[in-house]
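Visitor: Provided below for reference: sequence and predicted model.
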Amino acid sequence: MANDPIKQFKITDIFTIGGAGEGETGGFEIAFTNSALFMVATVVLISAFLILTTRGRGLVPGRLQLLSEMMYEFVANMVRSSAGTEGMKFFPFVFSLFMFVLIANMLGMVPYFFTVTSHIIVTFALALLVISVVLVYGFWKNGLGFFKLFAPAGVPGYLLPIVIPIEVISFLSRPISLSVRLFANMLAGHITLKVFAGFIVTMGSAGAVGAFGAILPMFMTVGLTALEFLVAALQAYVFALLTSMYLNDAIHPSH
Amino acid sequence: MASSTNTSDGTHATTEAYGGDHGGSGVFPPFDSSTFGSQILWLALTFAALYILMSKVALPRIGEILEVRRDRIEGDLAEAERLKQKTDQAIRSYEAELADAKQKAHNIAEETRDQIRADLDEKRAKVEADLAKKMAVAENNIRETKQAAMDHVDEIASETALAIVTNIVGRTAQKAAKDAVAKVVKG
């Protein structure tokens, strides 16, 4: 059972609020799960770090304050370069997304910790939030001109019947690709890691030869752990970068 | 792992169904729709809290820190530039004054030299004129004296000649002696 690579993704209730014992109102019961716990932990960690390290408002930053400032400037540069100065009004949104995904992924790398982003519903909700912001802002700012997004400038008229459906489909698939990319990366990475780690235990318990054979999966696990840290950071970056680019579409729909 | 006592709740029935089991039975946890509601709710709450904390507290603060630093650096650079310009200006005015003073000194020297030369020339001219005058007077004197001497010579000669003639001849013929002398002088 310790070997089961799926169990790490299981949602368990820690406690529930309301609705206890009443069958009719059961739908209103709120369960505080391990997933919710790690969401709270993620938010608390991010907020505490950023707020506490910048408390001194040092003109010459300390190490931790510098780290906070680097995070800020990293995301700010990303938003500015892909969505322009106008996109900076979405900077807090992109920053929150980036930090949430990054810290949730990183917390997931700690053994026995739950990975919030390994659940499709979480990543899909985040992706849907991004697309909703893009749609609402796009229509609010450009009105019907937002539809120009689907007809790139400079495309000859006879190609439009082909190009427009492609653009529409690519737009509609954005929330799916955005969410599945993050979800699948985290899920697959954690399963692989768990499977290889499980090999070590299984082979190690199978006598001397097995213990010797366990060296290979051991190295694999070490390598995969490093790779997973890279993936965790990279996926957060990709998620935030794509968000910035989609927001750019909402700000400047005519490519 | 049947920790939850809530069995009447449909939302979590599935969760508990494989609660103490491994993933082999039941739904693959990420696709278990019974947990979706709870996850979306907590995600919405936590993400909203994060967004508010970031946009209201953390990011304005970091932005302010960066801005203050940028302003400070720009201010310091501007101040340095201002001081540099001031220094340059001081150097320029110093050099201008130095050149001016040099020019002035040169002028004064030139003026003094000219004055001295003029003075010298004037004095020399005066002295030379004086000398020329004195020389002319002296030459005049000499000429007069010479003339006077010459006149006396005639007289002396005629007297001497008369005396000699008187001594020799015993008579005097003053008029003849004078004529003879005059003839000799002329000759």
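Guide: That came through fine.
Visitor: so how far is A:Leu242 from A:Leu182?
Guide: According to CB to CB, to the nearest Å, A:Leu182 and A:Leu242 sit 10 Å apart. All C-beta spots, glycine's among them, are computed from the backbone N, C-alpha and C.
Visitor: spell out the secondary structure type for the residue positioned nearest the centre of chain B.
Guide: With distances taken as CA atoms, centre = their mean, B:Glu95 lies nearest the centre of chain B, 1.5 Å away. Judged by DSSP: H, G, I helix; E, B strand; the rest coil, the three-state class of B:Glu95 is helix.
Visitor: next one, pLDDT for it please.
Guide: Reading off the confidence values, B:Glu95 has pLDDT 96.
Visitor: try B:Thr35
Guide: So B:Thr35 comes in at 83 (pLDDT).
Visitor: for it, which non-adjacent residue is spatially closest?
Guide: A:Ile11 (4.3 Å; CB to CB, 6 or more residues apart in numbering or on different chains).
Visitor: the more surrounded of A:Leu182 and A:Leu242?
Guide: A:Leu182 (27 against 18; other CB atoms under 10 Å in any protein chain shown).
Visitor: give me phi/psi at the more buried one?
Guide: phi -70, psi -50 (degrees, to the nearest 10).
Visitor: so how far is chain B from it?
Guide: Applying CB to the nearest CB, to the nearest Å, the value for A:Leu182 to chain B is 12 Å.
Visitor: was I right about that residue contacting A:Leu234?
Guide: No. A:Leu182 is not in contact with A:Leu234 according to CB atoms under 8 Å; the separation is 10.3 Å.
Visitor: residue of chain A closest to chain B, please.
Guide: A:Ile6 (3.1 Å; CB to the nearest CB).
Visitor: so for that residue, what pLDDT did the model give?
Guide: Predicted confidence (pLDDT) for A:Ile6: 79.
Visitor: and what of the one 5 residues further on?
Guide: According to the per-residue confidence, A:Ile11 scores 83 in pLDDT.
Visitor: do B:Asp88 as well
Guide: With respect to pLDDT, B:Asp88 has a value of 96.
Visitor: same check, this time on B:Thr145
Guide: 89.
Visitor: neighbours of it, how many?
Guide: Other residues close to B:Thr145 by other CB under 10 Å number 10.
Visitor: now for the helix or strand harbouring B:Asn167, which elements pack on it?
Guide: Secondary structure assignment for B:Asn167, by DSSP states H and E: helix B:59-169. On a contact count with 3 or more CB pairs under 8 Å, 6 or more residues apart in numbering or on different chains; DSSP states H and E, helix B:59-169 meets helix A:63-83, helix A:91-108, helix B:174-186.
Visitor: let me see the contact set for A:Val43.
Guide: Contacts here follow CB atoms under 8 Å, 6 or more residues apart in numbering or on different chains; on that basis A:Val43 touches A:Phe100, B:Thr46, B:Phe47, B:Ala49, B:Leu50, B:Leu53.
Visitor: chain neighbours aside, what residue packs nearest to the fourth one?
Guide: If I follow you right, that is B:Ala49. A:Val43 (5.6 Å).
Visitor: so, low pLDDT: which residues of the stretch 151-255 of chain A?
Guide: A:255 (pLDDT under 70).
Visitor: which stretches of the stretch 1-150 of chain A have low pLDDT?
Guide: For the stretch 1-150 of chain A (pLDDT under 70), the answer is A:1-3, A:18-29.
Visitor: what ranges do the strands span in it?
Guide: In the stretch 1-150 of chain A, the strands defined using DSSP state E, counting those that start in this stretch lie at A:13-17, A:30-33.
Visitor: ok, and does the last one reach over to chain B?
Guide: In this case it means strand A:30-33. Yes. If you take CB under 8 Å from any CB of the partner chain as the test, strand A:30-33 does meet chain B, through A:Ile30, A:Ala31, A:Phe32, A:Thr33.
Visitor: pull the number of nearby residues for the third one.
Guide: I take that to be A:Phe32. 16.
Visitor: that one touches B:Leu41, doesn't it?
Guide: No. With contact defined as CB under 8 Å, A:Phe32 does not count as touching B:Leu41 (10.0 Å).
Visitor: hmm, back to that, by neighbours, which of the contacts of A:Val43 wins?
Guide: The most crowded member of the contacts of A:Val43, judged by other CB under 10 Å, is A:Phe100 (27 neighbours).
Visitor: quick one: the helices in chain A?
Guide: A:34-53, A:63-83, A:91-108, A:120-142, A:160-172, A:174-204, A:207-213, A:215-251 (DSSP state H).
Visitor: hmm, the longest one in reach of chain B?
Guide: No. Using CB under 8 Å from any CB, we find that helix A:215-251 stays clear of chain B, coming within 12.9 Å at best.
Visitor: roughly how far does A:Ile215 sit from A:Ala206?
Guide: 13 Å.
Visitor: A:Asn142 too?
Guide: Distance, A:Asn142 to A:Ala206, by CB to CB: 65 Å.
Visitor: neighbour-wise, which of these two wins?
Guide: Between A:Asn142 and A:Ala206, A:Asn142 has the larger neighbour count (other CB under 10 Å), namely 17 against 12.
Visitor: ranking the helices of chain A by burial, who's on top?
Guide: helix A:91-108 (a mean of 24; mean count of other CB atoms under 10 Å in any protein chain shown).
Visitor: now that helix against helix B:59-169, angle please.
Guide: If you take axes from the mean of the first three to the mean of the last three CA atoms, to 10 degrees, helix A:91-108 sits at 120 degrees to helix B:59-169.
Visitor: out of the contacts of A:Val43, which one sits closest to A:Val168?
Guide: Nearest to A:Val168 out of the contacts of A:Val43 is B:Phe47 (CB to CB; 28.4 Å).
Visitor: what about B:Ala157, neighbour count?
Guide: Around B:Ala157 there are 17 residues (other CB under 10 Å).
Visitor: pull the contacting residues for it.
Guide: Counting by CB under 8 Å, 6+ apart, B:Ala157 has contacts B:Val181, B:Val184, B:Val185.
Visitor: if we use 6 Å, what do you get?
Guide: B:Val181 (CB atoms under 6 Å, 6 or more residues apart in numbering or on different chains).
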